[in-house]
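Enquirer: okay, sequence plus prediction incoming.
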Amino acid sequence: MKTRPTCTVRRLLQALALALPLGLSLAMPTAAQSPFTAVARVNDAIVTQFEIDQRALFLEVIRTPGDLQAIALEALVNERLQMAEARRLDVLASEAEIAEGIAAFAARAELSADEFLDAIGQEGVAPETFRDFIANNISWRNVVQARFSGRARAATSDDAVARALAHDPQLGSGEILLAELIVPVTPENRDTLRDDLARLAADLNFEIDLFTQAARRFSAAPTREDGGLTGWRALDAIPEQLSKELMLLSVGETYGPVVLGPAIAIFQLRGLSQGSYRAPVAASLDYATLTLPAQQTEEGQAAITALRADIDQCNDLYALRPGAFTRQDQPLSAIPTDIAMVLATLDAGEIGLTLGEAGTTTAVILCARSITPPEGEIEAVRQRLFAIQLEAEARALLEELRADAIITYN
């Protein structure tokens, strides 16, 4: 029989530690003298000291920290409840399922089932201990699937998957934090504004405090009160060419001038969380825009306040602002940069502001964000949602079983 280093098995078992069904901590009684003395009674079942010692040894092999005797008792008490529920539902693991589970686990170490059991035996773990562990895990999985698979499947509806895709940080790029200084184009500054802002950007390069002061003094954007800070935005919610350029900046470095509709802006990078960056995902944004009086005026402030009080979703506009808005559904690449930068900060139903033509303010409302994920991502997200829901149901059921059980310790 071929042999494998003990450390290989240890590493493999350590990976399995995450699957141990540990629950609430228990007060640990004094260890019994005989290995076959009942240490705990769980309804009509018992847990012996021998079982606790074996499970504790198993935990030691996989290098679990903490009081291993207490942790072992905790797990075994839970398993008594889990197996009782499996018997009640008649979903106990079959011999074929157990054999398949052991073989699959052993195969991860490139061992046969017999070789694997022999290897852990060299660590002092009885084959029956590991077999029971596998049997319980399969039986409990059968219980959870029998009772909750329908409910979990309902949690993986197309709408649920779409919401997860829209907010899953692994789907998109990282996030970026910018400060902005935006100046409207007027007949008086039309010929010089771009050059003036280019010089200002150079003067403010890596000067964070000075940029903040300049934004508060010169910017016409709603962010001026915060020193130009825009808040964190997903990189893939920003027009692709702009996001590619911004990603190359160092913190404090300025970028621009950038034409944003009726205004020109410069930006300063304040933070970048790249995470698991991917090329921007193709996105379609359903959004509405309204023209309001200038934000700095009393009339403008009143209009903005009224709009935010009246509108909770885009469909409200049809009844409350008929004829006063424009609604579009466009890919990100087709949306004007100034509008796209505002939309990057919004959730559905939220309202953002940007500069409009001739000194007006443009209110931007995100109606919906549609994401076209990479191939295979939709099914991967659906499976992840299914597993998360089943796990939550399993935890709740185990807590319920414990609450209804009679558990005593000797």
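Expert: Alright, I've got the coordinates. Since the structure is predicted, the reported quantities are computational estimates derived from the model, not experimental observations. Numbering: from 1, shown residues only.
Enquirer: excluding its backbone neighbours, what's nearest F130?
Expert: I120 (6.0 Å; Cβ to Cβ, 6 or more residues apart in numbering). (Glycine included, C-beta is placed from N, CA and C.)
Enquirer: the one you found: which element?
Expert: helix 113-121 (DSSP states H and E).
Enquirer: am I right that L353 is in a strand?
Expert: Yes. The assignment for L353 (DSSP: H, G, I helix; E, B strand; the rest coil) places it in a strand.
Enquirer: any idea how far it is from L181?
Expert: 16 Å (Cβ to Cβ, to the nearest Å).
Enquirer: of the two, who's got more company?
Expert: Comparing L353 with L181 by other Cβ atoms under 10 Å, the one with more neighbours is L181, at 30 against 18.
Enquirer: for the more buried one, helix, strand, or coil?
Expert: Once three-state DSSP is applied, L181 turns out strand.
Enquirer: would you confirm that it contacts A263?
Expert: No. Using Cβ atoms under 8 Å, L181 is not in contact with A263, being 10.2 Å away.
Enquirer: any common contacting residues for these two?
Expert: Common contacts of L181 and A263 (Cβ atoms under 8 Å, 6 or more residues apart in numbering): A221.
Enquirer: can you name the next helix or strand after the worst-scoring helix or strand of the chain on mean pLDDT?
Expert: When each helix and strand of the chain is scored by mean pLDDT, DSSP states H and E, helix 6-16 comes last, with a mean of 50. If you walk from helix 6-16 toward the C-terminus, the next helix or strand you reach (DSSP H and E) is strand 38-42.
Enquirer: strands paired with that next one, and their directions?
Expert: strand 45-48 (antiparallel), strand 407-409 (antiparallel) (DSSP bridges).
Enquirer: so which of those strands gets nearest L57?
Expert: The closest of the strands paired with strand 38-42 to L57 is strand 45-48. By Cβ to Cβ, the value is 14.1 Å.
Enquirer: so for the helix or strand in which N136 is found, mean pLDDT?
Expert: Assigned by DSSP H and E, N136 belongs to helix 127-154. Averaging pLDDT along helix 127-154 gives 91.
Enquirer: elements contacting that helix?
Expert: If you count contacts as 3 or more Cβ pairs under 8 Å, 6 or more residues apart in numbering; DSSP states H and E, helix 127-154 packs onto helix 49-61, helix 68-89, helix 95-107, helix 113-121, helix 377-404.
Enquirer: specify the angle between that helix and helix 377-404 in degrees.
Expert: 120 degrees (axes from the mean of the first three to the mean of the last three Cα atoms, to 10 degrees).
Enquirer: doesn't G261 make contact with I339?
Expert: Yes. Using Cβ under 8 Å, I339 is in contact with G261, at 7.5 Å.
Enquirer: now for the two: what residues contact both?
Expert: In contact with both I339 and G261: 354, 362, using Cβ under 8 Å, 6+ apart.
Enquirer: which residues are in contact with L390?
Expert: Applying Cβ under 8 Å, 6+ apart, we find L390 in contact with 144-145, 148-149, 152.
Enquirer: per-residue pLDDT, it?
Expert: Looking at L390, its pLDDT reads 88.
Enquirer: which residue, neighbours along the chain excluded, lies closest to it?
Expert: Spatially, and ignoring its direct neighbours in sequence, L390 is nearest to A152 (4.9 Å; Cβ to Cβ, 6+ apart).
Enquirer: picking that back up, dump the strands paired with strand 38-42 to a markdown table, plus mean pLDDT and distance to G323.
Expert: Below are the strands paired with strand 38-42 laid out as a markdown table (pLDDT from 0 to 100; distance: least, Cβ to Cβ, whole Å):
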| stretch | mean pLDDT | distance to G323 |
| --- | --- | --- |
| strand 45-48 | 94 | 72 |
| strand 407-409 | 93 | 68 |
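Enquirer: so which of those strands is the most packed in?
Expert: Ranked by mean neighbour count, the strands paired with strand 38-42 are led by strand 45-48 with a mean of 18 (mean count of other Cβ atoms under 10 Å).
Enquirer: and the strands in the stretch 251-400 of the chain?
Expert: Under the criterion DSSP state E, counting those that start in this stretch, strands of the stretch 251-400 of the chain are mapped to 254-260, 263-273, 283-292, 325-331, 351-355, 361-371.
Enquirer: name the helices or strands packed onto the third one?
Expert: Counting by 3+ Cβ pairs under 8 Å, 6+ apart, the packing neighbours recorded for strand 283-292 are helix 298-310, strand 325-331, helix 337-343, strand 361-371.
Enquirer: state the mean pLDDT of the second one.
Expert: Confidence over strand 325-331, taken as the mean pLDDT, stands at 93.
Enquirer: do the same with the longest one
Expert: Rounded to a whole number, the mean pLDDT of helix 298-310 is 93.
Enquirer: what's in contact with that helix?
Expert: 290, 292-295, 316, 320-321, 351, 353, 361, 363.
Enquirer: ok, now the third one?
Expert: Taking Cβ under 8 Å, 6+ apart as the criterion, the residues outside helix 337-343 that touch it are 230, 233, 237-239, 242, 258-261, 263, 285, 287, 289, 332, 335, 352-355, 362, 364, 366.
Enquirer: re earlier: neighbour count: I339 and G261, which is higher?
Expert: Legend: neighbour count by other Cβ under 10 Å for I339 and G261, higher for I339 (21 against 18).
Enquirer: R224 touches A214, doesn't it?
Expert: No. Here R224 does not reach A214: they are 9.9 Å apart, not a contact under Cβ under 8 Å.
Enquirer: measure the closest residue to L81 other than its chain neighbours to N410 for me?
Expert: Here the nearest residue to L81 in space, its sequence neighbours aside, is L401; by Cβ to Cβ, 6+ apart that works out to 4.3 Å. To N410, L401 is 21 Å away according to Cβ to Cβ.
Enquirer: between those two, which has more neighbouring residues?
Expert: L401 (19 against 13).
Enquirer: can you give me every residue that contacts the more buried one?
Expert: 81-82, 84-85.
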